[in-house]
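everything below, folded, please.
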Amino acid sequence: MSVVIRNVTLEDAAAIVEIYAPYVLHTGISFETEVPTVEEYRRRIQKTTEFFPFFVLEEDGIVVGYSYAHFFRERKAYQWQVEPSIYVRQDKHRDASCQRKTRQCTGPSLLLSYRQRN
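Reported below is the predicted structural model:
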């Protein structure tokens, strides 16, 4: 099995929405009530990557997870507060290797985002 952690591209939006949809539809984790469109998620990727790293985890060329950092809140007083988000495909929830690799993306992303802003 080939496993790759790489920077997100706009072409990943459809796979990301597919991973994200069950979280929106079946949990309260996302605080969203409707699944975003692929175009909306492309916009989110663009906005996020202006300030923060955004990674995808691929297994054999298929996106199975993603992680990114984002502002905790939009207000100026929160400018140094960064929050990670990590999502994995539903069939990978019990896959410890997938979870570990996706988490490995997040630590560097938080550190990089802090360094980029200083």
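
going forward, measure contacts and count neighbours with C-alpha atoms only.
Will do.

the longest strand along the chain - contacts with which helices or strands?
The longest strand of the chain (DSSP state E) is strand 62-71. Under the contact definition 3 or more Cα pairs under 8 Å, 6 or more residues apart in numbering; DSSP states H and E, strand 62-71 sits against helix 13-26, helix 38-49, strand 54-59, strand 82-88, helix 96-117.

pick out the shakiest of these, pLDDT-wise.
Among the helices and strands packed on strand 62-71, helix 96-117 carries the lowest mean pLDDT, a mean of 55.

picking up where we left off before, partners of the longest strand of the chain, with directions?
strand 54-59 (antiparallel), strand 82-88 (antiparallel) (DSSP bridges).

next, the angle from the longest one to helix 13-26.
Counting by axes from the mean of the first three to the mean of the last three Cα atoms, to 10 degrees, strand 82-88 points 90 degrees away from the direction of helix 13-26.

repeat that for the first one.
Here strand 54-59 points in a direction 90 degrees away from that of helix 13-26 (the same axes, to 10 degrees).

contacts for strand 54-59 next, please.
Contacts to strand 54-59, defined as Cα atoms under 8 Å, 6 or more residues apart in numbering, come from residues 1-8, 45, 48, 63-69, 101-102, 105, 109.

could you redo the last one with a cut-off of 10 Å?
1-9, 12, 15-16, 45-46, 48-49, 62-70, 84-88, 98-99, 101-102, 105-106, 109 (Cα atoms under 10 Å, 6 or more residues apart in numbering).

my guess is N7 contacts P53. True?
Yes: with contact defined as Cα atoms under 10 Å, N7 reaches P53; the gap is 7.3 Å.

neighbour count: the two, which is higher?
P53 (23 against 16; other Cα atoms under 10 Å).

quick check: the more buried one vs K47, distance?
Shown here: P53 relative to K47, a distance of 11 Å by Cα to Cα, to the nearest Å.
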